[in-house]
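Engineer: This is the structure alone, sequence omitted:
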């Protein structure tokens with residue numbers, strides 16, 4: 001019943017996420033090189049790897065009727081339909097149209113990935129880290 005309903009106010013208000021953001025700012029300020037290593041990792045995983053994978057998934061599906069990006073199987077073989085031949089179910093969608101479609105999916109995913117990166121590593125923190133690196137570099141030249 002309604003008496004058992006409880007809102008996690010800390011979660012609702014994003015208190016833990018705010019603490020996470022403070023930790024990211026601390027990382028950008030104290031260890032800017034490590035901040036950029038983490039950001040580079042996220043960009044690689046969320047953008048490069050995911051986008052390449054999603055492009056190939058749709059390319060394989062629309063041209064060959066196969067699922068997956070790495071070692072695709074024909075969707076007919078995976079669906080469990082019997083009494084049909086796989087050769088009858090190869091879409092052979094024109095490659096130019098497949099490329100346009102798959103690129104559209106990839107572009108959308110790239111925008112979503114960038115939004116996730118901005119949530120994890122907020123705008124402005126990157127500039128702070130760059131400024132710290134530049135300041136440290138100038139200090140190193142002065143000392144040397």
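Structural biologist: Structure received. Remember, it's a predicted structure, so these values are computed and weren't measured experimentally.

Engineer: give me the number of residues near the nearest residue to residue 63 once chain neighbours are set aside?
Structural biologist: Once flanking residues are discounted, residue 63 sits nearest to residue 98: 5.5 Å by Cβ to Cβ, 6 or more residues apart in numbering. Placement of C-beta: from N, CA and C, glycine included. Residue 98: 19 surrounding residues under other Cβ atoms under 10 Å.

Engineer: Do you know the pLDDT at residue 98?
Structural biologist: Residue 98 is assigned 93 on the pLDDT scale.

Engineer: lowest-confidence helix or strand of the chain?
Structural biologist: The least trusted helix or strand in the chain, going by mean pLDDT, DSSP states H and E, turns out to be helix 75-79, with a mean of 62.

Engineer: Around residue 124, how many other residues sit close by?
Structural biologist: Neighbours around residue 124, by other Cβ under 10 Å: 10.

Engineer: Got phi/psi on it?
Structural biologist: Here the main-chain torsion angles of residue 124 (degrees, to the nearest 10) amount to phi 100, psi -30.

Engineer: mind listing the strands for this structure?
Structural biologist: 66-67, 73-74 (DSSP state E).

Engineer: Pick out the shakiest of these, pLDDT-wise.
Structural biologist: Minimum mean pLDDT among those: strand 73-74, a mean of 64.

Engineer: pretty sure residue 102 contacts residue 60?
Structural biologist: No. Contact between residue 102 and residue 60 fails when scored by Cβ atoms under 8 Å: they sit 9.5 Å apart.

Engineer: Identify the contacts common to these two.
Structural biologist: In terms of Cβ atoms under 8 Å, 6 or more residues apart in numbering, residue 102 and residue 60 are not both contacted by any residue.

Engineer: pLDDT wise, what is the nearest residue to residue 54 once chain neighbours are set aside at?
Structural biologist: Once flanking residues are discounted, residue 54 sits nearest to residue 109: 5.3 Å by Cβ to Cβ, 6+ apart. The model reports residue 109 with a pLDDT of 94.

Engineer: Contact partners for residue 109?
Structural biologist: With contact taken as Cβ under 8 Å, 6+ apart, residue 109 is in contact with 50-51, 54.

Engineer: By neighbours, which of those wins?
Structural biologist: Counting neighbours by other Cβ under 10 Å, residue 51 leads the contacts of residue 109 with 19 neighbours.
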